[in-house]
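**Q** sequence first, then the predicted structure, then my questions.
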Amino acid sequence: MAQQNPHKYSAFPPVQLVDRKWPNQTIKHAPIWMSTDLRDGNQALFEPMNADKKMQMFKTLCQIGFKEIEIAFPSASETEFGFVRRLIEEKHIPDDVTIEVLTQAREHLIRRTFESLKGARQAIVHVYNATSKTFRDQVFGMSKAEVVAMATDAVRLVRSLAEEMPETAITLEYSPETFTATELDFAKEVCDAVTEAWGATPKRKVILNLPTTVEIATPNIYADQIEWMHRNLARRDSVIISLHPHNDRGTAVAAAELGLMAGAERVEGCLFGNGERTGNVDLVTVALNMHTQGVHPGLDFSDINAVARTFEHCTQLPIHPRHPYVGDLVFTAFSGSHQDAIKKGFAAQKADEQWAVPYLPIDPADVGRSYDSVIRVNSQSGKGGIAYLMETEHGIVMPRRLQVEFSGVVQQHTDTHGGEVSADDIWQLFSATYLTSTATIVYREHHLFEHDSAQGIRLSVDINGVTHVLNGEGNGPINAAVHALQSAGIEIQVRSYEERSMVPMGDDGNARAVAFMEMAASGSGERFGVGIDANIVTASIKALISGVNRLGSIPQANPD
């Protein structure tokens with residue numbers, strides 16, 4: 001890339017910390033985690049989450065084990081304000097979870113924020129104002145003294161309003177926004193003034209959040225800045241140093257890890273790194289990095305697929321297939337040499353010994369992933385081009401995770417029979433695996449009806465050769481069909497759903513619908529079901545039944 005002006009950019013100056021300690025430190029325990037998925041991550045979406053999706057995400061974060069969750073910017077809109085009120089009034093907040101709300105350091109916004117918190121057991125009020133020279137000079141036109149006054153005036157107001165709400169335990173969090181671009185001595189001056197105005201004590205600590213609002217230097221510079229603050233802050237025993245790394249340089253995870261080594265105790269971020277610009281720090285990666293070093297992260301990612309599907313549903317953002325620990329392909333080897341090493345590693349690995357399988361830094365089972373797709377064929381190793389042939393010859397564009405699953409079926413076939421597989425062979429395998437009519441449960445017909453505000457279904461199926469009519473209701477045809485099957489003792493969960501048109505090459509133009517449904521059942525892992533029909537609802541129900549058959553979750557005895 002040609003650089004026309006050699007003076008346009010310059011390296012960030014190093015911190016004068018000649019005896020830095022952080023390079024010799026290791027992370028020995030998990031930090032306090034704070035999820036900002038519902039605020040920072042949400043406001044960066046093409047289409048922000050609605051109230052129901054925010055509620056689903058909140059409950060997922062609680063299940064994972066987050067004890068601090070930033071839920072909204074309540075003074076920003078009625079939607080944000082209303083969500084805070086709903087959580088409190090409908091008592092959705094677990095006793096051991098503290099909600100956090102964000103506000104700028106402005107009086108009317110702070111007062112509105114406190115209105116949203118009425119009735120909460122405990123809450124963190126997060127106040128911020130920018131402190132760097134660029135913002136002081138270009139954005140606000142304020143002196144250093146005016147910036148300090150803005151921060152302390154806001155903190156004194158928060159303190160006063162908190163005293164008027166004794167039923168709610170209020171913790172103060174303060175962020176000197178643009179911390180990494182602020183002169184360190186001035187950042188300390190503002191933070192010390194804040195802790196004094198709050199009256200911080202070891203029993204009444206202040207959270208000082210020191211963000212890389214924009215990543216402007218290498219992670220070691222951030223670690224130096226954190227260690228300098230850790231050493232020099234007044235009332236250090238009354239302060240929790242929090243990190244909020246952004247990912248503009250692609251090094252947010254490293255910045256968080258080095259910041260913890262430098263003395264921080266808390267990390268803010270989003271599950272999969274969502275957020276403004278290149279996002280916040282990826283908390284899943286930071287937590288599972290700790291796991292691989294023998295440090296329990298204090299968060300439960302034992303079913304990472306369920307977390308990932310919830311995230312994708314709520315945010316409408318895809319998780320990259322190469323995302324660390326979570327991507328659909330991170331535990332998959334296409335290379336023949338990788339496959340050979342992994343096979344040998346699995347053969348040598350003992351259950352009671354330290355994990356040491358080549359190319360796999362973590363045991364996939366620790367995050368609920370199976371070994372089925374670790375080694376699989378692709379157009380190189382299998383010479384089949386499975387996905388390409390299915391699309392070009394039969395008009396079926398398979399979802400990525402179905403490609404992973406079905407390639408295992410093809411590989412098993414090639415291992416058994418040897419030689420190459422043709423497009424027709426692949427279609428026969430696909431049909432036998434997903435579309436067969438000789439399975440335990442066979443679709444016959446269905447009828448939909450409306451009941452009050454719910455969708456009802458009357459579903460006729462053969463179970464072990466006996467016809468049964470099952471009834472169910474739900475918020476749509478698929479949900480109703482799930483409930484109908486549950487009435488027969490068939491317990492399954494739908495993890496993801498996709499539908500596409502199917503127009504095979506040479507067809508007369510009459511498209512059929514193909515539905516793909518990823519499902520789970522207790523003790524059976526996850527499997528796809530596929531349904532094909534001229535009617536998309538019928539295709540969806542066929543896909544549901546296909547998945548039930550593949551999961552093997554049908555009771556031995558026929559339902560009454």
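**A** That came through fine.
**Q** quick check on residue 500: phi, psi?
**A** phi -150, psi 160 (degrees, to the nearest 10).
**Q** distance of it from residue 539?
**A** The gap separating residue 500 from residue 539 is 10 Å, by CB to CB, to the nearest Å. C-beta coordinates here come from the backbone N, C-alpha and C atoms, glycine included.
**Q** intersection of neighbour lists for these two?
**A** Each of 513, 514 lies in contact with both residue 500 and residue 539 under the rule CB atoms under 8 Å, 6 or more residues apart in numbering.
**Q** so the two - more neighbours on which side?
**A** A direct count of neighbours by other CB atoms under 10 Å for residue 500 and residue 539 places residue 539 higher, at 23 against 17.
**Q** the more buried one reaches residue 532, doesn't it?
**A** Yes. Residue 539 lies in contact with residue 532 (CB atoms under 8 Å); the separation is 5.8 Å.
**Q** who touches both of these two?
**A** Residues touching both residue 539 and residue 532 (CB under 8 Å, 6+ apart): 512, 513, 514, 515.
**Q** format these as CSV; extra columns: pLDDT.
**A** What follows is the shared contacts of residue 539 and residue 532, written out as CSV (pLDDT from 0 to 100):
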residue, pLDDT
512, 88
513, 93
514, 95
515, 96
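**Q** now the buried members of those.
**A** Buried subset of the shared contacts of residue 539 and residue 532 (neighbour count, 16 or more other CB atoms under 10 Å): 512, 513, 514, 515.
**Q** so which of the residues you listed is the closest to residue 410?
**A** Checking those against residue 410 with CB to CB, the nearest one is residue 514 at 18.5 Å.
**Q** following whichever strand or helix holds the closest one, which helix or strand comes up?
**A** Taking DSSP states H and E as the definition, residue 514 sits inside strand 512-521. Note on strand 512-521: by DSSP H and E, the next helix or strand toward the C-terminus is strand 525-533.
**Q** list the contacts of stretch 474-482.
**A** The contact list for stretch 474-482 (CB under 8 Å, 6+ apart) reads 446, 448, 454-457, 459, 472-473, 483, 492, 494, 497, 517, 537, 540-541, 544.
**Q** now the stretch 351-500 of the chain, which segments are flagged as low pLDDT?
**A** The stretch 351-500 of the chain contains residues with pLDDT under 70 at 372-373, 375-385, 388, 418-421, 437.
**Q** ranges for the helices of it?
**A** Taking DSSP state H, counting those that start in this stretch as the test, the helices found in the stretch 351-500 of the chain are 386-394, 400-417, 423-430, 477-486.
**Q** and the third one with helix 400-417, angle?
**A** Put plainly, it is helix 423-430. Counting by axes from the mean of the first three to the mean of the last three CA atoms, to 10 degrees, helix 423-430 points 110 degrees away from the direction of helix 400-417.
**Q** could you check the angle helix 423-430 makes with helix 386-394?
**A** Put simply, helix 423-430 runs at 100 degrees to helix 386-394, going by the same axes, to 10 degrees.
**Q** which neighbouring elements make contact with helix 423-430?
**A** Applying 3 or more CB pairs under 8 Å, 6 or more residues apart in numbering; DSSP states H and E, one finds that helix 423-430 contacts helix 386-394, helix 400-417.
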